[in-house]
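In: Please find the sequence and the predicted model below.
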Amino acid sequence: MRIMIVTDAWEPQVNGVVRTMQRVISELQAEGHVFDIVHPGEGFFTMPLPTYPEIKLALFAGGKLKKRFHDFEPDAVHLVTEGTLGMAGRTMCLKMKHPFSTAYHTRFPEYIAARLPIPVSWGYAFVRWFHKYSGRVMVPTPSMVEELNAKQFINTVAWTRGVDTEQFHPAKRAEPDSP
């Protein structure tokens with residue numbers, strides 16, 4: 001399967017969204033899928049996100065994104081974030097009538113309200129709008145699925161992260177007296 005992944009959060013950022021997608025991509029590679037990761041560091045005109053300059057906002061991304069879509073010809077599109085690239089991806093998919101999935105990784109409305117004078121309710125109105133036409137809204141926990149459904153989100157599904165049992169295994173615990 002050919003999968004286009006559109007994300008506003010990518011390397012060199014170190015955060016849960018980037019780490020999750022690195023693991024997903026590793027699994028996609030292992031299963032033989034082909035993917036194209038579209039992120040702000042790939043020739044888009046960007047500006048730093050106010051209050052979090054490590055995140056770059058891709059501006060005027062629609063044209064380049066559409067070209068990437070046509071060049072890559074994906075079977076599936078996954079929008080990782082609700083940022084400017086995610087919005088460009090959403091707009092493109094809706095205009096082209098191409099199905100897409102989305103992810104809700106973090107409490108974005110609370111995050112924004114903590115940094116800007118924007119009510120949490122406005123933030124939820126925005127993210128509900130963003131995810132409204134997603135074939136599936138992938139959410140990190142069953143409790144978050146319940147919380148979002150209570151806020152009138154639709155098509156939510158738990159996408160739990162699990163544990164890497166190769167790295168974290170009881171047999172690999174340090175001896176009690178070791179540092």
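Out: Thanks, I have it.
In: residue contacts, the closest residue to E73 other than its chain neighbours?
Out: Distances taken as CB to CB, 6 or more residues apart in numbering place R2 nearest to E73, at 6.5 Å, with adjacent residues excluded. All C-beta spots, glycine's among them, are computed from the backbone N, C-alpha and C. With contact set as CB atoms under 8 Å, 6 or more residues apart in numbering, R2 has these partners: 33-36, 72-76.
In: In its sheet, which strands sit next to the top strand by length along the chain, and in what direction?
Out: Counting residues, the longest strand found in the chain (DSSP state E) is strand 52-59. Paired strands of strand 52-59, with direction, are strand 45-49 (antiparallel) (DSSP bridges).
In: Enumerate the positions of stretch 68-82 that are buried.
Out: 68-69, 72, 74, 76-82 (16 or more other CB atoms under 10 Å).
In: so R161 sits in a helix?
Out: No: counting by DSSP: H, G, I helix; E, B strand; the rest coil, R161 is located in no helix; its state is coil.
In: those strands in the protein, which residues are they?
Out: 2-6, 34-38, 45-49, 52-59, 76-79, 101-103, 137-139, 156-158.
In: who's in contact with the residue lying closest to L57 once chain neighbours are set aside?
Out: Using CB to CB, 6+ apart and skipping residues adjacent in sequence, the residue nearest L57 is T84, 4.8 Å away. Shown in contact with T84 (CB under 8 Å, 6+ apart): 8, 57-59, 61.
In: distance of the residue positioned nearest the centre of the chain from D8?
Out: Centre of the chain computed as the mean C-alpha position; nearest residue by CA atoms, centre = their mean is V80, 1.8 Å away. According to CB to CB, to the nearest Å, V80 and D8 sit 7 Å apart.
In: can you list residues touching both of the two?
Out: By CB under 8 Å, 6+ apart, the residues touching both V80 and D8 are G86.
In: remind me which residues of the chain are low pLDDT?
Out: For the chain, applying pLDDT under 70 flags the ranges 162-164, 169, 172-179.
In: All the helices of it, in order from the start?
Out: Here the chain has its helices, by DSSP state H, at 16-30, 62-72, 84-96, 108-115, 120-131, 142-150.
In: Comparing those, which comes out most buried?
Out: helix 84-96 (a mean of 20; mean count of other CB atoms under 10 Å).
In: got the angle for that helix vs helix 62-72?
Out: For helix 84-96 against helix 62-72, the angle by axes from the mean of the first three to the mean of the last three CA atoms, to 10 degrees is 70 degrees.
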